[in-house]
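Colleague: After the sequence you'll find the predicted model.
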Amino acid sequence: MTSDTSIEDELGVPSNAIALPSKEVPWCCSIVINILEGSSKREAKIELSKETCLRENGRCIIVGRQAKFADIRLDHKSISRRHSFLFYRCTGEGRYELVLQDTGTKHGTFVNGERVDSKDDSVLLKN
């Protein structure tokens, strides 16, 4: 099996990304993922807290269809094997952002109806 680090490097996860979730980041959140297909919608809700642990030594949470690599698995034909990832970024002393980045997928990743450019990231939360 490929190591967490090489998967994350392949995805382009920044080397300074703080593992998500992290005991360093003092807040919790819920993330709702909607899978849209025509007029129908399926929803997945993810709860993140300081106690949540998905993968040891990971710098991000990978969302995707492939069970081998995705921390959050969404089994749908519009979801890529490794669709997007979430991570924390430190923006100053005691200041953090929760960041979402698309991996260049065909169907894209959207936040509040706006497509996330795979070359950029989308800040979901700040403290």
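Modeller: Received the coordinates, thanks.
Colleague: Verify the stated contact: F110 with L100.
Modeller: No. Applying C-beta atoms under 8 Å, one finds F110 not in contact with L100, separated by 9.9 Å. Bear in mind the C-beta positions are built from the backbone N, C-alpha and C, glycine included.
Colleague: the more surrounded of the two?
Modeller: Between F110 and L100, counted using other C-beta atoms under 10 Å, L100 has the larger neighbour count: 21 against 14.
Colleague: in a helix, that's where the more buried one is, yeah?
Modeller: No. The assignment for L100 by DSSP: H, G, I helix; E, B strand; the rest coil gives strand, which leaves it out of any helix.
Colleague: What confidence value was assigned to it?
Modeller: As summarised for this prediction, L100 has a pLDDT of 87.
Colleague: That one: what's its closest spatial neighbour, skipping adjacent residues?
Modeller: In space, not counting the residues next to it along the chain, L100 is nearest to S122; the distance is 4.8 Å by C-beta to C-beta, 6 or more residues apart in numbering.
Colleague: Number of residues surrounding the one you found?
Modeller: By the measure other C-beta under 10 Å, the count of residues near S122 is 20.
Colleague: do you know how far it is from K77?
Modeller: Taking C-beta to C-beta, to the nearest Å as the measure, S122 falls 24 Å from K77.
Colleague: Same question for V123, what's its three-state structure.
Modeller: On the basis of three-state DSSP, V123 is classed as strand.
Colleague: Contacts only, for the closest residue to it other than its chain neighbours.
Modeller: If the residues on either side of it in the chain are set aside, V123 comes closest to E97, at 4.9 Å by C-beta to C-beta, 6+ apart. For E97, the contact set (C-beta atoms under 8 Å, 6 or more residues apart in numbering) comprises Y88, R89, T91, V123, L124, L125, K126.
Colleague: Then V116?
Modeller: By C-beta under 8 Å, 6+ apart, the contact list for V116 reads S84, L100, Q101, D102, G108, T109, F110, S122.
Colleague: Just the closest of those residues to E10, please.
Modeller: Taking C-beta to C-beta as the measure, E10 lies nearest Q101 of the contacts of V116, at 13.1 Å.
Colleague: Would you map the strands across the chain?
Modeller: Ranges of strands within the chain are 29-37, 40-48, 61-64, 72-73, 84-92, 95-102, 110-111, 114-115, 122-126, based on DSSP state E.
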